[in-house]
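> Structure for this input, please:
(2 chains)
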Amino acid sequence: EAGVAQSPRYKIIEKRQSVAFWCNPISGHATLYWYQQILGQGPKLLIQFQNNGVVDDSQLPKDRFSAERLKGVDSTLKIQPAKLEDSAVYLCASSKEASTTQYFGPGTRLLVL
Amino acid sequence: AQSVSQHNHHVILSEAASLELGCNYSYGGTVNLFWYVQYPGQHLQLLLKYFSGDPLVKGIKGFEAEFIKSKFSFNLRKPSVQWSDTAEYFCAVTPSGAGSYQLTFGKGTKLSVIP
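Next up, the predicted model:
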């Protein structure tokens, strides 16, 4: 089966610009996660969706980050405006409902200059 | 909230050496535990997981991990490493039975295997 797809793979922007990342989960997976992985650290959960509803966004910096999953399939994560400290890899993962095995996409590497 | 500590930042081994990577977690209740691996240029992949039952868990590629509840540990082991095991290894935890599958990861251990 196809894995989790993410685009773009790389993005370079200047601070205060906006950027958006896209994720397409594995077909049939109801739960979708966005993680931020800063260099030298493990992934940190930003937001979790169950179908098109938000389960947990407690670690999402809501003043600049937003995410949506309107039809319960694809998801977008947006940063506006970006800061230098947002430079990281943004990972999308998905899992079947009621399953704890998460499957990760290749990530989008963001560099903010 | 839960947390995960991985003791080694970078481990360098020769082929055929034995491997043990340490992982300790902090959480007041029951947990599910995971080891993920990221090979160079590839996605994070699940190596093995522990939910309940036998505390010795076997995963892919000859890896195993032992859950020691009294020590809050879930160390990863492999008796004989290969060059292809060069990767970064992440330990992760999620509270069990809470209906929430949010993984909390450690900082990772980079393993370099020298041929």
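> Stretch B:81-88: which residues count as buried?
B:Val81, B:Asp85, B:Thr86, B:Ala87, B:Glu88 (16 or more other Cβ atoms under 10 Å in any protein chain shown). To be clear about C-beta, it is placed using only N, CA and C from the backbone, and glycine gets the same treatment.
> Which members of the residues you listed are positioned in strands?
B:Ala87, B:Glu88 (DSSP state E).
> who touches the nearest residue to A:Lys71 once chain neighbours are set aside in this structure?
Leaving aside its sequence neighbours, A:Lys71 sits nearest to A:Asn52 (Cβ to Cβ, 6 or more residues apart in numbering or on different chains; 6.5 Å). Shown in contact with A:Asn52 (Cβ atoms under 8 Å, 6 or more residues apart in numbering or on different chains): A:Arg69, A:Leu70, A:Lys71, A:Gly72.
> which among those residues end up buried?
Buried members of the contacts of A:Asn52, counted by 16+ other Cβ under 10 Å: A:Arg69.
> Looking at the contacts of A:Asn52, which gets the smallest pLDDT?
Minimum pLDDT across the contacts of A:Asn52 is recorded for A:Leu70, with 82.
> Grab the nearest non-local neighbour of it.
Using Cβ to Cβ, 6+ apart, the nearest residue to A:Leu70 is A:Asn52, at 6.1 Å.
> quick one: the one you found from A:Gln102, how far?
A:Asn52 sits 19 Å away from A:Gln102, going by Cβ to Cβ, to the nearest Å.
> three-state assignment of B:Leu48?
Taking DSSP: H, G, I helix; E, B strand; the rest coil as the rule, one finds B:Leu48 in the strand state.
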